[in-house]
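Undergrad: Predicted model and sequence follow; I will ask about them next.
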Amino acid sequence: EGKGRKRNPLHDFKKTGELMLIKVNKTLEVKTKLLNTTEQCAKRCSRNKGLSFTCKAFAYDRVTKRCHWLSFNSLTNGVRKKQDHAFDLYEKKDYVRNCIIGKGADYKGTISVTKSGIQCQAWNSMIPHEH
């Protein structure tokens with residue numbers, strides 16, 4: 001990220017090779033388009049450009065050079081994983097992380113209880129503890 005160098009949009013994604021997500025829940029949304037690179041797919045997913053949903057992941061078909069933007073990820077209910085040699089799955093790290101980075105203001109993970117099983121306090125609440 002030096003002078004004149006652009007940040008690679010793929011840095012915000014966790015890659016899993018040879019995996020595709022199949023939606024069982026029909027309300028989950030997918031949009032596809034031909035694009036030459038995974039960087040182009042990642043950039044569009046990060047910006048939600050041209051999408052009617054919040055992009056949480058994308059799968060890139062290396063054979064057809066087709067990007068599949070997904071409104072879900074591998075942790076979403078109503079989704080199953082499928083081994084597929086043509087695809088690489090890229091999931092936004094913000095949605096698959098199970099840890100807090102910094103103050104946690106951008107946390108979108110799935111953990112909402114402490115290690116001992118106590119329900120976490122909402123970020124916007126000062127009860128029972130002040131931040």
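TA: That came in fine, so what should we check first? Numbers count the residues shown, from 1 in each chain.
Undergrad: and S46, that's in a helix?
TA: Yes - with DSSP: H, G, I helix; E, B strand; the rest coil as the criterion, S46 is located in a helix.
Undergrad: Residue nearest the middle of this protein, spatially speaking?
TA: For the chain, the residue nearest the mean C-alpha position is K92 (2.7 Å; C-alpha atoms, centre = their mean).
Undergrad: where does that residue land on pLDDT?
TA: Confidence at K92, expressed as pLDDT, is 95.
Undergrad: Please name the residues that touch it.
TA: Residues counted as contacts of K92 (C-beta atoms under 8 Å, 6 or more residues apart in numbering) are 12-14, 45-46, 55-57, 73. No exception for glycine: its C-beta is placed from N, CA and C like everyone else's.
Undergrad: Mind doing that once more with 10 Å?
TA: 12-14, 42, 45-46, 54-58, 70, 73, 108 (C-beta atoms under 10 Å, 6 or more residues apart in numbering).
Undergrad: now swap in E91 and tell me
TA: Counting by C-beta under 10 Å, 6+ apart, the residues that E91 touches are 12-16, 19, 21, 45, 56-59, 70, 72-75, 97.
Undergrad: nearest residue to A59 other than its sequence neighbours?
TA: H68 (4.4 Å; C-beta to C-beta, 6 or more residues apart in numbering).
Undergrad: hang on, the earlier thing: okay, the contacts of K92 in a markdown table with distance to L35 and neighbour count next?
TA: Converted to a markdown table, the contacts of K92 look like this (distance: C-beta to C-beta, whole Å; neighbours: other C-beta atoms under 10 Å):
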| residue | distance to L35 | neighbour count |
| --- | --- | --- |
| D12 | 17 | 16 |
| F13 | 15 | 23 |
| K14 | 19 | 16 |
| A42 | 10 | 24 |
| C45 | 11 | 25 |
| S46 | 14 | 16 |
| T54 | 19 | 13 |
| C55 | 13 | 23 |
| K56 | 18 | 22 |
| A57 | 15 | 25 |
| F58 | 10 | 27 |
| L70 | 15 | 28 |
| N73 | 20 | 20 |
| K108 | 25 | 12 |
